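> Using only what follows, build the 3D model:
(chains A, B, C and D, ligands or ions: 2)
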Amino acid sequence: MAERTWPEALDKVVQAFENCFDAMERYELLFEYAGNTEMTLPPDHWNDENMIHGCQSRAHVECSVDELGLFRMRGGADAQIVQGLMEITRIAVDGSSCEDVAALNPDFVDAMGFRSALTPSRSNGFMNMLERVRNEARRLSGEFE
Amino acid sequence: MAERTWPEALDKVVQAFENCFDAMERYELLFEYAGNTEMTLPPDHWNDENMIHGCQSRAHVECSVDELGLFRMRGGADAQIVQGLMEITRIAVDGSSCEDVAALNPDFVDAMGFRSALTPSRSNGFMNMLERVRNEARRLSGEFE
Amino acid sequence: MHNIRELRAEFPILSRVLPNGKPLVYFDNAATSQKPSSVIDAMSGFYETFNSNAHRANHTLADEATTALESARSSIAAFFGAEPSNLIYTSGTTEAINLVAYAWARRNLSEGDAVVLTEMEHHADIVPWQELSKEIGIEVRFVPLDLEKMALDMDAFQHALDGAELVGIVHTSNVLGIRNPIEDIIRLSHESGAKVLVDAAQGAAHERIDFINLGADFVALSAHKMAGPTGIGALLATDEVLSQCGPFLTGGQMIRSVSIEGSSYRDGSAMLETGTPRIAEAIGWGAAVDWLSKIDFKEMHDHIKHLAITASNGMKEIDGIRVFSDPVRPESSGTISFLHERITSDDMAMLLDEGGFAIRTGQHCAQPLMDALGVLSTNRISLWIYNTEEEVKSFLSHLRMICERFG
Amino acid sequence: MHNIRELRAEFPILSRVLPNGKPLVYFDNAATSQKPSSVIDAMSGFYETFNSNAHRANHTLADEATTALESARSSIAAFFGAEPSNLIYTSGTTEAINLVAYAWARRNLSEGDAVVLTEMEHHADIVPWQELSKEIGIEVRFVPLDLEKMALDMDAFQHALDGAELVGIVHTSNVLGIRNPIEDIIRLSHESGAKVLVDAAQGAAHERIDFINLGADFVALSAHKMAGPTGIGALLATDEVLSQCGPFLTGGQMIRSVSIEGSSYRDGSAMLETGTPRIAEAIGWGAAVDWLSKIDFKEMHDHIKHLAITASNGMKEIDGIRVFSDPVRPESSGTISFLHERITSDDMAMLLDEGGFAIRTGQHCAQPLMDALGVLSTNRISLWIYNTEEEVKSFLSHLRMICERFG
Ligand SMILES: Cc1ncc(COP(=O)(O)O)c(C=O)c1O
Ligand SMILES: Cc1ncc(COP(=O)(O)O)c(C=O)c1O
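Ligands and ions are numbered 1, 2, ... in the order given. Presented below is the predicted three-dimensional model:
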């Protein structure tokens, strides 16, 4: 395993993806994460304000800080791949400090075997989502101070 | 000498060009032909009707048949190279039958060493001039019949 | 196709191996076609040996460039059965249609005049007319699709034609692969006194468009969809409509003379081209039509049709897949739109990409058609001359696997 | 220039031997520049390995093409000190100026508004304004040349500026090689409330245009004059003027959504680009600016200036030659117009061509300037970075010989 550049909370996740036999297994695992709808943003909360631009399908994210000043996010998307990447991002950042979220490095996506999600022009818009989350964290950390 | 495709009247001319030492000598000879203004069309006879299109500089040609039904032409041009090629064309066609003029093959220009004058896009417009002369011959032969 | 292996060998990209180790299977031909070496080399050869600005050629290089440029124009025009003077280079189909809107329609249409379009049109043949409608108040009429037949509703077309001045019609749909009954549409339109603009962006890669025989007033084309380069296309226009045009883009080339007092323009198509020509692009497109001229279009059509039928039959057998095109129909070409009931089109695209399959997904610049079909987007495969039965079979087996594991 | 031999070796065409056996001496750079291998290869490489239509990239090839396209846009914008969102691709300077006339001027100027041009403008910056004048009645004012100084008459410019809405100014004349006092012109224009459009077709190959520092409202560019390919150029436009623009060419890409009822457009520069992008061309231009970024422009300027001074000094010594440019002046670049008293410009061009010298001859799309100079045409040499002192000397000796033998 290369030098870890992601929150500890992702170690197990990354490990699980690394253990997959091939790309299709990785996607199956990603779909499983996407299926974990407990913490997703339900469609009736989707609006223009929380929409992520640059995704071909619809994707929305809502970020906040809790009473302890910790970052919280919920995401929702039409497409399972985006939803899965959102869920994993949520695992990475939920309950972290806003500063840590603002500095989140997307390398874990590469380590998980989804390098193609990292180019900005990909229509799944993972990079747009991540940018949005980091910007929200920056904004919220300012608000909290 | 390759198979002759030009009127006998040009044999001597072509020969003279073939005897030139280099391109510059050929151009000097061409300028000499251009300088033979006896049979040229003087500028006060230049008009829209006898203008040759597709030359960058001005060039005009006037064609007719004499009382014997033989083809006659006079040309005039700003540029000496065009004027020279016109004069040689005049030597080739003047006094020929219209049918012969209409079928005039431009190979003599190549044999004289001015191959570049033969591509239609050249701004000197030799090919436009020749086309004009041949068309006039065709028209005049029709008229004469 | 005979010699499909030899033919494929002419396309360097077709031996591409993708970063994930999978060989490329290129099924996105309706978006853009691949280019044979002869096209790529013609352009490099221009830049490497005779690059020069064209026209007013008083030096050797300029002469060579001009000759190549004009000979490309002749080849391209001849390929489409048109005279060089009826061909105007544009940057593609989109600019060609805009040229009609600016140079012809703005001078010949006025408030209340009607333009007939179809629900099947690409945005390139919709937005210019909507814009003109905002600007000068023309009426834009849309002929609907007959959803049962998945074809243009010809009764509705007849109806829409009444009193219309112009018909804009896509030759072959980039979503459904359906070729419209262009000949009938042109005949009916002319009988009714309307001019016809044919969007042949897709059609030109699948059949020999013969401008004079076809009888359309305008035909819009893109080189990049027919083995040619990006950055060039053309409008074919009859002498009649050319004589009704005013200038569009103005500057060098299109002028007869310029002075401080005013300028005069050249006639016909020469008035409609300005600026340094797309020299390398024209040479590349010329090489593309030379290449296509060696292809037996009937044989190509049969080949593509066979692949498309194999693909769509295979897809229909897969649980959850809905196919919007029907390649069995004679007027169909090699473009098939489909959707899975549960796997979103985006997920499907990514999962196919993982297998090396380049397919297009989205609205295909045809939102009104998406609306008519009642979908937000489709997955689309589009086949061309160099695709093979093995590619189709491998696509089907990958698709089946995806549907089983992710459906 | 250091390493001029190495630099020349990057340009395949520079080792070209012409059909008459003479090595090519390319002195027609103002018409179009030659291209280094890195530019040619970038385009072939695109077609050979990742050709695909761009945007909505849901497959690997489309992703690679889109990434390359956008990265080219970033490089090109950065080269000109602009944001990518202030750059609109066009087919060249001509289309860029037309874009200003259609998308901006038609919405912001009305009858009686004045546009200031100069006698030095290329037809591309004259005809669109004359056409607009015919259409909506704007007034077009021409600032004359000061024939003594062979420079723009700045007093007349000040005068013409009064109440004007737009100034169209050529950065560097393609006939005389004179760079206009652009900074002063922009300052004076802005003080007087006029917007400024700079035609940098020539300028961009000779100095680093810094869009933000320059402060012009619009800058028009052609790739092919700065080591890039044909078929592409750009308009740089500030956010302010972009916000005042309406749509020009319409179709795919520039839309936000399309329906039968109507369409909505994207904002800013995105509204002004439509159709399949000039993908290979953008990639080629990107490679060209990468190549130019390695060039020390000061060193290049000194080199070209040295050659131009050598050439013009030599030419002035030849009996019968009249030189219209003065490369000694600091605001001059490597373009020199000349005429022989007795040898017509056409004959001169042919005689020089015989020696392998590619020079341009004619009106150079600048008839008003020809009128001002009182000539019908000129011969023009235009030098660039890869030209050498030997080439200039060999040109001078050939020219001398021509004048002696044919003058
Ligand atoms: C000063 C100037 N402006 C505009 C143009 C037109 O450029 P293009 O033909 O690339 O559109 C040119 C090129 O000839 C030029 O030299
Ligand atoms: C039917 C149809 N019309 C028009 C276009 C637009 O072509 P271009 O983008 O080359 O201008 C396309 C291509 O996407 C098309 O498929």
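
> From now on I want contacts and neighbour counts done on CA atoms only, so please keep to that.
OK.

> Can you classify the nearest residue to residue C:190 once chain neighbours are set aside by secondary structure?
Leaving aside its sequence neighbours, residue C:190 sits nearest to residue C:196 (Cα to Cα, 6 or more residues apart in numbering or on different chains; 7.8 Å). The three-state label given to residue C:196 by DSSP: H, G, I helix; E, B strand; the rest coil is strand.

> Could you count how many residues lie near residue C:196?
24 (other Cα atoms under 10 Å in any protein chain shown).

> Write out the residues of the stretch 201-350 of chain C neighbouring chain D.
C:229-232, C:249-252, C:257-260, C:262-263, C:274-281, C:346, C:349-350 (Cα under 8 Å from any Cα of the partner chain).

> Correct me if wrong: residue C:237 contacts residue C:84.
No - counting by Cα atoms under 8 Å, residue C:237 stays clear of residue C:84, with 10.5 Å between them.

> Neighbour count: those two, which is higher?
More neighbours surround residue C:237 than the other of residue C:237 and residue C:84, with 25 against 19 (other Cα under 10 Å).

> Can you pull the phi and psi angles for that one?
Here is the backbone geometry of residue C:237 (degrees, to the nearest 10): phi -140, psi 140.

> Repeat that for residue C:28.
Residue torsions, per degrees, to the nearest 10, at residue C:28 are phi -120, psi 40.

> Check the one 3 residues further on too.
Geometry field for residue C:31 lists phi and psi as phi -80, psi -50, criterion degrees, to the nearest 10.

> Spit out the contact partners of it.
Contact analysis of residue C:31 by Cα atoms under 8 Å, 6 or more residues apart in numbering or on different chains lists C:225, C:360, D:52-53.

> from those, which single one is nearest residue C:78?
Among the contacts of residue C:31, residue C:225 lies closest to residue C:78 (Cα to Cα), at 18.1 Å.

> thinking again about what came up before, quick one: contacts for the residue nearest to residue C:190?
Residue C:196 touches C:166-169, C:186, C:189-190, C:216-218, counting by Cα under 8 Å, 6+ apart.

> Show me those residues that map onto strands.
With strands taken from DSSP state E, the overlap with the contacts of residue C:196 comprises C:166-169, C:218.

> Just the buried residues out of the residues you listed, in ChimeraX syntax.
Buried subset of those, written as a ChimeraX selection, criterion 16 or more other Cα atoms under 10 Å in any protein chain shown:
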select /C:166,167,168,169,218
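
> Serialize the ones in strands among the contacts of residue C:196 to CSV and add fields for distance to residue A:31 and pLDDT.
As requested, the ones in strands among the contacts of residue C:196 are exported to CSV (distance: Cα to Cα, whole Å; pLDDT from 0 to 100):
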residue, distance to residue A:31, pLDDT
C:166, 50, 98
C:167, 47, 98
C:168, 44, 98
C:169, 42, 98
C:218, 50, 98
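
> wait, which of the ones in strands among the contacts of residue C:196 is closest to ligand 1?
residue C:218 (25.3 Å; Cα to the nearest ligand atom).

> mind listing what the closest one touches?
C:100, C:196-198, C:235-238.

> Tell me, how many residues neighbour residue C:295?
Residues near residue C:295, counting by other Cα under 10 Å: 12.

> And residue C:369, which helix or strand is it part of?
Under the criterion DSSP states H and E, the helix or strand holding residue C:369 is helix C:367-373.

> does any part of that helix sit near ligand 2?
No - under the criterion of Cα under 6 Å from any ligand atom, ligand 2 is not reached by helix C:367-373; the shortest gap measures 11.8 Å.

> Tell me how confident the model is about that helix, as a mean pLDDT.
Across helix C:367-373, pLDDT averages out at 96.

> If we ignore the residues flanking it in sequence, what's nearest the most centrally placed residue in chain C?
Nearest to the geometric centre of chain C sits residue C:201, at 1.2 Å (Cα atoms, centre = their mean). In space, and not counting its chain neighbours, residue C:201 is closest to residue C:221: 4.9 Å by Cα to Cα, 6+ apart.
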